[in-house]
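Q: Attaching a predicted model along with its sequence, questions to come.
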Amino acid sequence: MPNERRNAVNYTRQFLVDLMDPKKTPRVPKEIRKRAYSCLKHYPGEYYMEEAAVQAPKIFGDWDAGIKDD
């Protein structure tokens, strides 16, 4: 489902952000925090995910994207 795909991207972004926060993930090694930062450097933010939902609704749109009303 397109909305689940979009949610997966958004949840993964939040997971990486949380990995960089020592208060949320206190026992994560510094090297892992650096890798999370590196992954997030060009990771699509909320704005780009909304744009993707508009431009590619069958991939990142709402759950019923591409379904015709009969």
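A: Noted; the coordinates are in hand.

Q: Run through the helices of the chain in chain order.
A: 2-20, 30-40, 46-55, 57-60 (DSSP state H).

Q: can you count the residues close to F60?
A: Close neighbours of F60, defined as other Cβ atoms under 10 Å, add up to 22. C-betas here are computed from N, CA, C, even on glycine.

Q: for it, what are its contacts?
A: Counting by Cβ atoms under 8 Å, 6 or more residues apart in numbering, F60 makes contact with 2, 5-6, 9, 49, 52-53.

Q: If we use 10 Å, what do you get?
A: F60 sits next to 2-3, 5-7, 9, 44, 48-54 when contact means Cβ atoms under 10 Å, 6 or more residues apart in numbering.

Q: out of those, who has the most neighbours?
A: R6 (21 neighbours).

Q: related to what we said a few turns ago, and the helices of the chain as CSV, adding mean pLDDT?
A: Below are those laid out as CSV (pLDDT from 0 to 100):
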stretch, mean pLDDT
helix 2-20, 93
helix 30-40, 97
helix 46-55, 91
helix 57-60, 88
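
Q: residue contacts, the closest residue to P44 other than its chain neighbours?
A: Spatial nearest neighbour of P44, chain neighbours left out: V9 (6.5 Å); criterion: Cβ to Cβ, 6 or more residues apart in numbering. For V9, the contacting residues are 43-44, 48-49, 52, 60, by Cβ under 10 Å, 6+ apart.
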